[in-house]
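> sequence unknown, structure follows:
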């Protein structure tokens with residue numbers, strides 16, 4: 001089934017390579033062209049801003065979820081389809097995942113990494129079942145992917161947990177990856193905790 005609403009995590013930094021900014025713009029454009037609604041952090045700068053520009057340039061629907069203190073600092077994008085203000089970061093993260101058909105992570109800093117790892121954790125615990133796609137532009141996520149693989153090899157996660165995410169090299173690969181994702185099992189909690197047997 002084609003996704004209708006995708007949550008995108010990405011950076012607000014402008015001090016990054018142009019390659020990352022262009023990838024965010026392309027992802028926004030691609031999702032808009034396929035009539036996929038985007039929900040994201042609501043920022044106007046960095047990859048967030050480019051994601052929004054790409055979507056809006058192609059008449060896409062893009063919804064920002066922004067804590068009020070960030071709006072007070074004028075960090076919010078002014079031209080979104082919709083901007084929802086929330087009280088804190090915890091509510092922001094909850095709303096980003098709410099009703100999303102998939103999670104997509106572009107390169108980013110500690111906030112992006114926190115959101116991505118929270119989505120993976122919720123999937124492990126059987127609280128989120130949809131695809132998690134990591135867009136590994138310029139091999140940005142290679143160290144994280146190696147660390148996740150290490151957690152499996154060293155017994156902190158089960159081999160099945162490697163199916164919780166899919167890494168792709170480019171924005172153009174996101175929608176095909178979502179379509180080809182394995183269905184996460186309803187019994188995910190049965191192997192969420194690893195015991196000695």
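Happy to help now that I have it. Keep in mind it's a predicted model, so treat the numbers as computed, not measured. Numbers count the residues shown, from 1 in each chain.
> same for the helix-or-strand element of the chain with minimal mean pLDDT, what does it pack against?
Here the helix or strand of the chain ranked lowest by mean pLDDT, DSSP states H and E is helix 68-72, holding a mean of 85. For helix 68-72, the packing partners by 3 or more CB pairs under 8 Å, 6 or more residues apart in numbering; DSSP states H and E come out as strand 82-86. Just so you know, the C-beta spots here come from the backbone N, C-alpha and C atoms, and that holds for glycine as well.
> ok, and what's touching the least confident helix or strand of the chain?
The contact list for helix 68-72, computed with CB atoms under 8 Å, 6 or more residues apart in numbering, reads 42-43, 76, 83, 85-87.
> repeat that with 7 Å
Residues lying outside helix 68-72 but in contact with it, judged by CB atoms under 7 Å, 6 or more residues apart in numbering, are 76, 85, 87.
> can you list the buried residues in it?
Residues of helix 68-72 classed as buried: residue 70 (neighbour count, 16 or more other CB atoms under 10 Å).
> just give me how far that helix sits from the chain centre.
Offset of helix 68-72 from its chain centre (CA atoms, centre = their mean, to the nearest Å): 22 Å.
> show me where this protein has its helices.
18-33, 46-57, 68-72, 89-97, 110-124, 142-153, 174-180 (DSSP state H).
> tabulate those in CSV, adding columns for distance to residue 196.
As requested, these are exported to CSV (distance: least, CB to CB, whole Å):
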stretch, distance to residue 196
helix 18-33, 43
helix 46-57, 43
helix 68-72, 46
helix 89-97, 33
helix 110-124, 19
helix 142-153, 17
helix 174-180, 35
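> most packed of those?
Of those, the one with the most neighbours on average (mean count of other CB atoms under 10 Å) is helix 46-57, at a mean of 24.
> quick one on the thing from earlier: just the buried members of the contacts of helix 68-72?
If we count by 16+ other CB under 10 Å, those have these buried: 76, 85.
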